[in-house]
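**Q** Fold the following.
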Amino acid sequence: MSDSSLNVSPNTLHTPTQGQLMWHMIKLSCPIITTMISQTVMQFVDFAMVSQLGTDAMAAVMPAGILVFCFISFGLGVLVMVNSLVSQSLGRKRYADCSAYAWQGIYAAIIMGVATLPFAWMMSPFFDWVGHEPVVAQMEATYASIGILGIAPALLAVVLSNFFNGIHKPTIGMVAAITGNILNIFLNWVLIFGHLGFEPMGIAGAAWGTNMAAVTQVIIMAIWYVTPHYKHKFQTLHTFKLDWTKFKRLMWFGLPSGLQHVADIFAFSAFTIFLIGRQIDGDGNLSFDPAQQAAHNLAIKYLHLGFMPTLGLGIALSSIVGKCIGEENLPLAKRNARLASQIALVYMGLIAAGFFLFAKPMAMAFTEDPMVISWSVKLIMLCAVFQLFDALGITFSFALRGAGDTHGPAVIMAVYATIFLIGGGYWSTVQFPDAGAVAPWIAATIYICMLGLTFYIRWQMGGWESIDMTGHEPVPEAETEDVLPEAEQTQTREPVMAE
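**A** Numbers count the residues shown, from 1 in each chain. Next up is the predicted model:
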């Protein structure tokens, strides 16, 4: 045996066919995509229910929801790295480490959720300062202040779902999400309109319904987390201690990911709140056009049809890439990333065609206001332009995340958001006031296209191959299932193909 052969992992000797890769990716991504679709459907129904309250409510719910997501986004960006750390631990057959990283994520979620609570009392003065129409500003403040109260359970749900995604058991997160989303729709019907003896709460009812749905998801996944199989194989009740080494590792890779989310979401929030519908009259007075704001919100809802399922594919890819790296099989990680990008391009290409062909009927499905329809058609057509670039950006950003490459993408996202989305959006709004919301949306289109190309190039350059997420701990010679006796291991093991 030559010396060079000692550096070859046994896992690289197994080369699955393209069909096997496709089947494995479909099997892993379908539950995650189903989860994302269920969330998109829930958001559509939520938006449709709120839209029955009038144009003002339609104009209010998106900026308020985005602002709440700004507070969630940092924690979300940090905690999605639980998926990468868990999947790499799974690939290295360190099963107890999988649950240990989940526990570190749980502690981080609680800390971040509690830290955001004081901001709930700042929403009313904030939206008064923004300068939206008084009725719209009041609705925005109501929705946002209630939404902030639900950040902690929302982040806990993120941790647990990423644990199950990381161990390649996404069906559990899917069941929890679908159950929570169905409950959300029911609670919206009860609370927004005042059924079953409840007083109508309007837009506040939508926010409370979302919070209670998040709590439900956490309860469902927590129960599953401590069932015998996971308790035995992954030691879920024995790794609950705060492990500073693992916690710091989660923070090292998670903080840049969180900042990447913050840069994107805060930039888009500023874009939505300060640029969409911006008008200055002859006397220099600033105002915002509710019709353009409503059209923007409607276009974003349809945009979710494109990127939500692709996000699900990206999450699955992140888990697959992480497991391949844990197994020291980099060629397989590259093949999976290429396959996922091809699937995403085909899907989002079809979405783009649908946007081009059916923009007007799509707008008319939500409103009869001719001004809202007119603006919506223009914005939906712009959505079609960047779909393929968005497919590249989503796919390869998740592939990089699965490999632990979070620092560079965070800088790229912050720089591009500042230059293209905010800088370009503001410049185009001022220079072309007659273009209305179309002007900043063109800047947003350039931003998304640049991100897609840059993340694709970064993956191809291969710098991620030298990143070490788990400390170069040696891969065990055999699957030991931690400290369990052999008989108990056999009783609690699930089929290997399920992984």
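
**Q** Please, where are all the strands along this structure?
**A** With DSSP state E as the criterion, the chain has strands at 278-280, 286-288.

**Q** Can I get those strands in CSV including mean pLDDT, distance to Cys449 and mean neighbour count?
**A** To be clear about C-beta, it is placed using only N, CA and C from the backbone, and glycine gets the same treatment. Listed next are the strands of the chain as CSV, based on pLDDT from 0 to 100; distance: least, Cβ to Cβ, whole Å; neighbours: other Cβ atoms under 10 Å:
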stretch, mean pLDDT, distance to Cys449, mean neighbour count
strand 278-280, 81, 23, 16
strand 286-288, 79, 27, 15
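
**Q** quick one: the residue lying closest to Ala152 once chain neighbours are set aside and Thr35, what's the gap?
**A** Nearest non-adjacent residue to Ala152, counting by Cβ to Cβ, 6 or more residues apart in numbering: Gly113, 2.5 Å away. According to Cβ to Cβ, to the nearest Å, Gly113 stands 21 Å off from Thr35.

**Q** Name the residue in the two with the higher neighbour count.
**A** Between Gly113 and Thr35, counted using other Cβ atoms under 10 Å, Thr35 has the larger neighbour count: 27 against 21.

**Q** thought that one was touching Ile172?
**A** No. Assessed by Cβ atoms under 8 Å, Thr35 is found out of contact with Ile172, at 10.3 Å.

**Q** pLDDT at Leu311, what is it?
**A** Predicted confidence (pLDDT) for Leu311: 90.

**Q** repeat for Trp208
**A** Note on Trp208: pLDDT of 91.

**Q** Provide a list of residues in contact with it.
**A** 146, 187, 191, 201 (Cβ atoms under 8 Å, 6 or more residues apart in numbering).

**Q** Among those, which one lies nearest to Gln217?
**A** Set against Gln217, the nearest of those by Cβ to Cβ is Leu187 (13.2 Å).

**Q** burial count for the closest residue to that closest one other than its chain neighbours?
**A** Once flanking residues are discounted, Leu187 sits nearest to Gly209: 3.6 Å by Cβ to Cβ, 6+ apart. Neighbourhood size, Gly209 [other Cβ under 10 Å]: 25.

**Q** And for His168?
**A** Neighbours around His168, by other Cβ under 10 Å: 19.

**Q** same thing with His195?
**A** By the criterion of other Cβ under 10 Å, His195 has 11 neighbours.

**Q** ok, it touching Asn188?
**A** No. At 10.2 Å, His195 does not count as touching Asn188 under the criterion of Cβ under 8 Å.

**Q** how near is the nearest residue to Gln104 once chain neighbours are set aside to Ala108?
**A** With Cβ to Cβ, 6+ apart as the criterion, Gln104 has its nearest non-adjacent residue at 4.5 Å, and that residue is Phe247. Using Cβ to Cβ, Phe247 is found at 7 Å from Ala108.

**Q** what about these two, which has more around it?
**A** Ranked by neighbour count (other Cβ under 10 Å), Phe247 and Ala108 place Ala108 first, with 21 against 18.

**Q** Now do the same contact list for that one.
**A** 75, 78-79, 159, 247, 250-251, 254.

**Q** out of the residues you listed, which are inside helices?
**A** Counted as lying in helices by DSSP state H, out of the contacts of Ala108, are 75, 78-79, 159, 247, 250-251, 254.

**Q** Poorly predicted segments of the stretch 1-150 of the chain, please.
**A** By pLDDT under 70, the low-scoring segments of the stretch 1-150 of the chain are 1-14.

**Q** All the helices of it, residue numbers only.
**A** Shown for the stretch 1-150 of the chain, the helices assigned by DSSP state H, counting those that start in this stretch span residues 18-51, 55-79, 81-91, 95-115, 123-130, 134-149.

**Q** Buried subset of the contacts of Ala108 as a ChimeraX selection?
**A** Of the contacts of Ala108, the buried ones can be selected in ChimeraX as follows, counting by 16 or more other Cβ atoms under 10 Å:
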select :75,78,79,159,247,250,254
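
**Q** Just name the closest of the contacts of Ala108 to Gly314, please.
**A** When the contacts of Ala108 are ranked by distance to Gly314 (Cβ to Cβ), Leu79 comes first, at 15.6 Å.

**Q** neighbours of the residue nearest to Leu196 when sequence neighbours are not counted, just the number please.
**A** Closest residue in space to Leu196, ignoring its immediate chain neighbours: Val190 at 5.3 Å, by Cβ to Cβ, 6+ apart. Burial of Val190 is recorded as 18 neighbouring residues (other Cβ under 10 Å).

**Q** and if you look at Thr15?
**A** Neighbour tally, Thr15, other Cβ under 10 Å: 11.

**Q** Please determine how far it is located from Pro31.
**A** Distance from Thr15 to Pro31, by Cβ to Cβ: 26 Å.

**Q** how near is the residue nearest to Ala443 when sequence neighbours are not counted to Ala414?
**A** In space, and not counting its chain neighbours, Ala443 is closest to Gly424: 3.5 Å by Cβ to Cβ, 6+ apart. Gly424 sits 15 Å away from Ala414, going by Cβ to Cβ.

**Q** Those two: which is more packed in?
**A** Neighbour count, other Cβ under 10 Å: between Gly424 and Ala414, Gly424 has more, with 21 against 18.

**Q** Low-confidence ranges, the stretch 351-499 of the chain, go.
**A** Looking at the stretch 351-499 of the chain by pLDDT under 70, you get 472-499.

**Q** Next up, the contacts around the residue nearest to Ala152.
**A** Residues in contact with Gly113 (Cβ under 8 Å, 6+ apart) are 75, 151-156.

**Q** make it 7 Å
**A** 151-152, 155 (Cβ atoms under 7 Å, 6 or more residues apart in numbering).

**Q** Repeat that for Ser145.
**A** So Ser145 contacts 120, 123 (Cβ under 7 Å, 6+ apart).

**Q** where along the stretch 251-400 of the chain do the helices fall?
**A** Under DSSP H, counting those that start in this stretch, the stretch 251-400 of the chain gives helices at 290-326, 330-364, 370-385, 387-402.

**Q** helices and strands around the last one, which ones?
**A** Under the contact criterion of 3 or more Cβ pairs under 7 Å, 6 or more residues apart in numbering; DSSP states H and E, the helices and strands touching helix 387-402 comprise helix 81-91, helix 290-326, helix 330-364, helix 438-461.

**Q** which of the contacts of Trp208 lies closest to Ala270?
**A** Ile146 (22.2 Å).

**Q** so how many other residues sit close to the residue nearest to the closest one when sequence neighbours are not counted?
**A** Once flanking residues are discounted, Ile146 sits nearest to Ala207: 3.7 Å by Cβ to Cβ, 6+ apart. As a burial measure, Ala207 scores 28 neighbours (other Cβ under 10 Å).
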